[in-house]
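*Asks:* next one to model:
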Amino acid sequence: MRVVSGIQPTGDLHLGNLLGAILRWVKMQDEAECLFFLADLHALTVDISPAQLRSSVREMAAALIASGIDPEKSILFAHSAVPAHPELAWILNCTARMGWLSRMTQFKEKSGKNREGVSVGLFDYPVLQAADVLLYHGTHVPVGEDQKQHIELMRDIALKFNNDFDVDLFVAPEPFVGGGTAARVMSLRDGSVKMSKSDPSEASRVNLTDSDEAIAQKIRKAKTDPEPLPDDPALLGTRPEARNLVGIMAALTDRTPAVVLQQYAGQGFGAFKPELTEAAIATIAPLRRRLVELRRDEAALDAILAAGAAKAAALAAPTLLAAYRAVGLKN
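*Replies:* Below you'll find the model as predicted:
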């Protein structure tokens, strides 16, 4: 089993990133061969300054390592350091179909009403995503519900290419269901929207660089409701903020929401929030200390990424050459 996944280097990570993806990646390292990359090429689909992008790649690398991604277990690298990614993407662009991409839900959501004004990259990035995985014969891709459509596109591209050129080159990847359950972490100010760096309110999220005091203050002020906690998760269906905080506690303590509610049923948030704060600080504080240490040595981070890129490039080269030969390029 080979798992391939990337994350955009968009700056400071928050609790949603940690519980929704990164800690799941950490567990995957013991279940499969893993390649994790900083998707700096994908970051170009939106406005970002060159200086910010360069800085964010190192920052994200440090955050991933601090969270438990081990460069000795996994291959960790920057996307742009392996040119085979965009090279294969161009070949796959000639296999993918406009109709397939036009149906992609995320493009419709991200482009909004300005569909004619967004970059071609925003429309086409799912093909680069396909190249990212197919290049390494990735068998599994960890995704959330909002990304399953992209896995289907990867499969369609892989199977059509193999059929068109009568080769058995690309593996049609499957969604990865290991690594534990990814938590869907919502805003601390509005339980109906995901926790996000783009939210203008700092109080909406817990950053991995927040001090213990800041974490405590944000959780203390997190939006709740006046009702006590029930004994059944189904009863949280109309209480998004309560459901969110219970879900965060469950993810931080590696339990299910049902088990959490068995402990706190009948209690209010005055009793629940202090214990949620303790759990959040216990997870984030050691990670934050490690992150500060890693930030101090940019040369060491660059060396880790360079070593990972060399390993990734060696794995990618035969696949890219075979794709070129399949379409009639190169001998």
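*Asks:* what are the boundaries of the strands in the stretch 1-150 of the chain?
*Replies:* Remark: strands assigned in the stretch 1-150 of the chain by DSSP state E, counting those that start in this stretch are 2-7, 33-38, 75-78, 140-141.
*Asks:* put the alpha carbons of the third one into PDB.
*Replies:* Taking only C-alpha atoms (Å, rounded to 0.1, in the frame of the first residue of the first chain), the coordinates of strand 75-78 have been written out as PDB:
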ATOM      1  CA  ILE A  75       9.000  10.900   2.100                       C
ATOM      2  CA  LEU A  76       8.400  14.600   2.800                       C
ATOM      3  CA  PHE A  77       9.100  17.100   0.100                       C
ATOM      4  CA  ALA A  78       8.000  20.300  -1.700                       C
END
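*Asks:* partners of it in the sheet?
*Replies:* In its sheet, strand 75-78 lies beside strand 33-38 (parallel), with partners assigned from DSSP bridges.
*Asks:* got the strands of the stretch 1-150 of the chain as a markdown table, with mean pLDDT, distance to Gly16 and mean neighbour count columns?
*Replies:* Any C-beta I mention is one placed from the backbone N, CA and C, and that applies to glycine too. Shown next, in a markdown table, are these (pLDDT from 0 to 100; distance: least, CB to CB, whole Å; neighbours: other CB atoms under 10 Å):
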| stretch | mean pLDDT | distance to Gly16 | mean neighbour count |
| --- | --- | --- | --- |
| strand 2-7 | 93 | 12 | 22 |
| strand 33-38 | 96 | 18 | 24 |
| strand 75-78 | 96 | 21 | 23 |
| strand 140-141 | 92 | 20 | 22 |
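*Asks:* now those as CSV including distance to Val57?
*Replies:* CSV is the format used below for the strands of the stretch 1-150 of the chain (distance: least, CB to CB, whole Å):
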stretch, distance to Val57
strand 2-7, 11
strand 33-38, 5
strand 75-78, 5
strand 140-141, 21
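*Asks:* which parts of stretch 140-149 are buried?
*Replies:* By neighbour count on 16 or more other CB atoms under 10 Å, the buried set for stretch 140-149 is His140, Val141, Pro142, Val143, Gln147.
*Asks:* ah, wrong one, I meant stretch 114-124
*Replies:* Leu122, Phe123, Asp124.
*Asks:* scan this protein for its longest helix.
*Replies:* Under DSSP state H, the helix in the chain containing the largest number of residues is helix 298-327.
*Asks:* report the distance from it to the chain centre.
*Replies:* A distance of 21 Å separates the centroid of the chain from that of helix 298-327, by CA atoms, centre = their mean, to the nearest Å.
*Asks:* cool, and stretch 150-160?
*Replies:* Distance, centroid of stretch 150-160 to centroid of chain: 20 Å (CA atoms, centre = their mean).
*Asks:* contact partners of that stretch?
*Replies:* Residues from elsewhere that reach stretch 150-160, judged by CB atoms under 8 Å, 6 or more residues apart in numbering: 92, 95-96, 100-101, 104, 106, 126-127, 129-130, 133-134, 141, 143, 170-175.
*Asks:* out of those, which are buried?
*Replies:* 92, 95-96, 100-101, 104, 126-127, 129-130, 133-134, 141, 143, 170-173.
*Asks:* just the ones of the residues you listed in helices?
*Replies:* Leu92, Trp100, Leu101, Pro126, Val127, Gln129, Ala130, Val133, Leu134.
*Asks:* where do the helices sit along the protein?
*Replies:* Here the chain has its helices, by DSSP H, at 15-17, 23-28, 50-67, 84-93, 98-102, 105-111, 120-134, 148-164, 212-220, 240-252, 257-264, 269-295, 298-327.
*Asks:* among those, which is nearest Ala39?
*Replies:* Across these, Ala39 has its closest neighbour in helix 120-134 (7.7 Å, CB to CB).
*Asks:* tell me what angle that closest one forms with helix 298-327.
*Replies:* 90 degrees (axes from the mean of the first three to the mean of the last three CA atoms, to 10 degrees).
*Asks:* just how off-centre is helix 120-134 within its chain?
*Replies:* Relative to the chain's own centre, helix 120-134 is displaced by 15 Å; criterion: CA atoms, centre = their mean.
*Asks:* that one versus helix 148-164: what angle between them?
*Replies:* Using the same axes, to 10 degrees: helix 120-134 against helix 148-164 is 70 degrees.
*Asks:* redo the buried residues of stretch 114-124 as CSV? Include distance to Leu320 and pLDDT.
*Replies:* Converted to CSV, those look like this (distance: CB to CB, whole Å; pLDDT from 0 to 100):
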residue, distance to Leu320, pLDDT
Leu122, 25, 85
Phe123, 24, 88
Asp124, 19, 90
